[in-house]
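A.B. asks: Need the 3D shape of this:
(chains A, B, C and D)
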There are 2 protein chains.
Amino acid sequence: MSNPSPAPSTFLNVNSLRASCSNCSMHQLCLPMGLGGNDMDKLDQIIGRRCKVPRDGYLYRMDDPFTNLYAVRVGHFKTYQINAGGEQQITGFQMAGELLGMDAISTDRHHCDAIALEDSEVCEIPFARLEELFGSMPVLLRHFHRMMSQEITREQSVMLLLGNMRAEQRFAAFLVNLASRYTARGYSSTSFQLRMSREDIGNYLGLTIESISRLLSRFKKQGLLKVSNREIELLDPATLKAMAAGTEICS
Amino acid sequence: MSNPSPAPSTFLNVNSLRASCSNCSMHQLCLPMGLGGNDMDKLDQIIGRRCKVPRDGYLYRMDDPFTNLYAVRVGHFKTYQINAGGEQQITGFQMAGELLGMDAISTDRHHCDAIALEDSEVCEIPFARLEELFGSMPVLLRHFHRMMSQEITREQSVMLLLGNMRAEQRFAAFLVNLASRYTARGYSSTSFQLRMSREDIGNYLGLTIESISRLLSRFKKQGLLKVSNREIELLDPATLKAMAAGTEICS
DNA sequence: CGCCGACTTGACATTAATCAAATGTAGTGG
DNA sequence: CCACTACATTTGATTAATGTCAAGTCGGCG
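C.D. replies: Below is the predicted model:
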């Protein structure tokens, strides 16, 4: 519930390097997926600065005017909403190759805060210029639609998680989801570091920090994983997957 | 949890009338919003059949191949997900002027079931043909992006609701949301009929049918609303809004 | 009239939240 | 290297919110 209130001064630490999709290791997962060399060049030309965001720095804040989408190049982010009563809900954790800011298109203002979980880098994508490209680059447009659609289905999965799953199941689903995203990026699917605090995990999953801590202890005792601070090793991914899917035999 | 299992035979009851945006009362809320007469005609030309879907009939089912988006012309729908363990989560209730099927773009298969809550009508929008229009109709494309983005923000609000709100707050938010959508459609914001069962409401809000029933009784006793079967009259919308926002003084 | 499904209400159980310590960890300065 | 602080995490005891189970009631329809 309590907001960490990172220093608001650290907005964007601009790096004069221009971003380039062609030589970015994430281009198979990110916006330029499937583009030919020619189209890739055109996209490169509109992509703006490559920006560094320090740990706990804001990438953007709720109600900021919307001008850019951001693609995560390095690092991790969290996005969260706050309502009038001060209740906060983390709506996602974003990693390299994922797009931030699509929720702002509908009103031209950002609907959430985005904060870096570690020192990170993003590519700035001026949305107006991206729209100009759409007319002549159907492959780009199609992939952009897929990315928005994917965000919709991701959120639907979270709705299922928050609306119908027990604590244990939520947490298993969370771990399995992280594992699969790291796999897609060429990292180990069983060993990784949590970039977010227990509190952030709990907030995202609709649970308290104490519940997360207890679940970690229990999973460890059950031999499902090893944990040391934020370092995680999944010892029994199959059982975790079954728990997440709700198909585990008994409990 | 238990699925009503509507007759799967009632897929689409085709009506030979062609849909037309120009004379549809929903065009200010729906996909053609803001289009000039010329563009509207072009959109009309690609829009396929106008389809009737009987109450409890499926508009589409999970894993069906994706070819069309659907705009609700008349009636109401619900969409829901089911996971491997059989857990079900209603992800939305759609009314006239709202678009169904955007979650299918990412994989070319529908990610949820869509069922009519009453006898309804939709306009079929062949997505491949819509994409062809995007190149030459930037206004249409922009509005389509707004609609997808709006769906993302809607789902984020539901995440906040499911992750952080108490039962009472969730239900107030649900009622207030319905009221505002009816207002936007020119209907009363204080008197309307619930098109969905208590069970559906509970499922959507992550609560049980008993909780919904008790909340209705309590709100009635507190003078916040009148209820008779599915007929609702909001007597104190201001307090309901404050409850939904989490800004109500005490409880 | 009587049945059926949808809803309501009550009694009780359970899950996860809350409250309260205790412990661990990282960073800082001596 | 160590003491010290601030903060994050773990663990335990208790409570509160909501779920579960079990009757009942209501309304519509054949």
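A.B. asks: Mind checking the pLDDT average for the strand or helix carrying A:Arg214?
C.D. replies: Following DSSP states H and E, one finds A:Arg214 within helix A:209-221. Mean pLDDT, computed over helix A:209-221, is 98.
A.B. asks: Only the buried residues of it, if you could.
C.D. replies: Buried residues in helix A:209-221, counting neighbours by 16 or more other C-beta atoms under 10 Å in any protein chain shown, are found at A:Ser211, A:Ile212, A:Leu215, A:Leu216, A:Phe219. The C-beta positions use only the backbone N, C-alpha and C, and glycine is treated the same way.
A.B. asks: helices or strands next to the strand or helix carrying A:Leu43 in the packing?
C.D. replies: Using DSSP H and E, A:Leu43 falls within helix A:37-46. Judged by 3 or more C-beta pairs under 8 Å, 6 or more residues apart in numbering or on different chains; DSSP states H and E, helix A:37-46 is in contact with helix A:127-134, helix A:138-164.
A.B. asks: After it, heading C-terminal, what element do we hit next?
C.D. replies: The helix or strand immediately downstream of helix A:37-46 is strand A:49-53, counting by DSSP H and E.
A.B. asks: That following strand: partners in the sheet, and parallel or antiparallel?
C.D. replies: strand A:13-18 (antiparallel), strand A:120-126 (antiparallel) (DSSP bridges).
A.B. asks: Following that strand in sequence, what is the next regular element?
C.D. replies: Heading C-terminal from strand A:49-53 (DSSP H and E), you reach strand A:58-60.
A.B. asks: Mind listing the strands that following strand pairs with, and their directions?
C.D. replies: With DSSP bridges as the test, strand A:58-60 is paired with strand A:113-116 (antiparallel).
A.B. asks: The strand it pairs with: how far from the chain's middle?
C.D. replies: 10 Å (C-alpha atoms, centre = their mean, to the nearest Å).
A.B. asks: what do you get for stretch A:178-194?
C.D. replies: With C-alpha atoms, centre = their mean, you get 13 Å for stretch A:178-194.
A.B. asks: same question, stretch A:235-251
C.D. replies: Mean-position distance between stretch A:235-251 and its chain equals 24 Å (C-alpha atoms, centre = their mean).
A.B. asks: next one: stretch A:45-61
C.D. replies: Put simply, stretch A:45-61 sits 14 Å off its chain's centre (C-alpha atoms, centre = their mean).
A.B. asks: And it, what's buried?
C.D. replies: Result for stretch A:45-61 [16+ other C-beta under 10 Å]: buried residues A:Ile47, A:Gly48, A:Arg49, A:Arg50, A:Cys51, A:Lys52, A:Val53, A:Pro54, A:Gly57, A:Tyr58, A:Leu59, A:Tyr60.
A.B. asks: Just the CA atoms of it, as PDB, please.
C.D. replies: What follows is stretch A:45-61, C-alpha atoms only, in PDB (Å, rounded to 0.1, in the frame of the first residue of the first chain):
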ATOM      1  CA  GLN A  45      15.200   6.400 -38.400                       C
ATOM      2  CA  ILE A  46      12.200   7.400 -36.300                       C
ATOM      3  CA  ILE A  47      13.300   5.800 -33.100                       C
ATOM      4  CA  GLY A  48      14.400   8.500 -30.900                       C
ATOM      5  CA  ARG A  49      16.900   8.500 -28.100                       C
ATOM      6  CA  ARG A  50      18.200   5.600 -26.100                       C
ATOM      7  CA  CYS A  51      17.400   6.600 -22.500                       C
ATOM      8  CA  LYS A  52      18.900   5.400 -19.300                       C
ATOM      9  CA  VAL A  53      16.600   5.200 -16.300                       C
ATOM     10  CA  PRO A  54      18.300   4.700 -12.900                       C
ATOM     11  CA  ARG A  55      16.900   2.300 -10.400                       C
ATOM     12  CA  ASP A  56      13.700   3.700  -8.800                       C
ATOM     13  CA  GLY A  57      13.600   6.400 -11.400                       C
ATOM     14  CA  TYR A  58      10.300   7.200 -13.200                       C
ATOM     15  CA  LEU A  59      10.100   6.500 -16.900                       C
ATOM     16  CA  TYR A  60       6.700   8.300 -16.900                       C
ATOM     17  CA  ARG A  61       4.000   9.200 -14.400                       C
END
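A.B. asks: Name all residues that make contact with the nearest residue to A:Glu231 once chain neighbours are set aside.
C.D. replies: Spatial nearest neighbour of A:Glu231, chain neighbours left out: A:Gln193 (5.5 Å); criterion: C-beta to C-beta, 6 or more residues apart in numbering or on different chains. By C-beta atoms under 8 Å, 6 or more residues apart in numbering or on different chains, the contact list for A:Gln193 reads A:Arg230, A:Glu231, A:Ile232.
A.B. asks: Give the buried subset of these as a ChimeraX selection command.
C.D. replies: Provided next is the ChimeraX selection string for whichever of these are buried by 16+ other C-beta under 10 Å:
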select /A:232
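A.B. asks: just checking, A:Leu140 touches A:Glu132?
C.D. replies: No: applying C-beta atoms under 8 Å as the test, A:Leu140 and A:Glu132 come out as separate, 11.1 Å apart.
A.B. asks: For the spatially most central residue of chain A, which three-state class applies?
C.D. replies: Chain A has A:Gln94 as the residue nearest its centroid, 1.4 Å off, counting by C-alpha atoms, centre = their mean. Following DSSP: H, G, I helix; E, B strand; the rest coil, we place A:Gln94 in the strand state.
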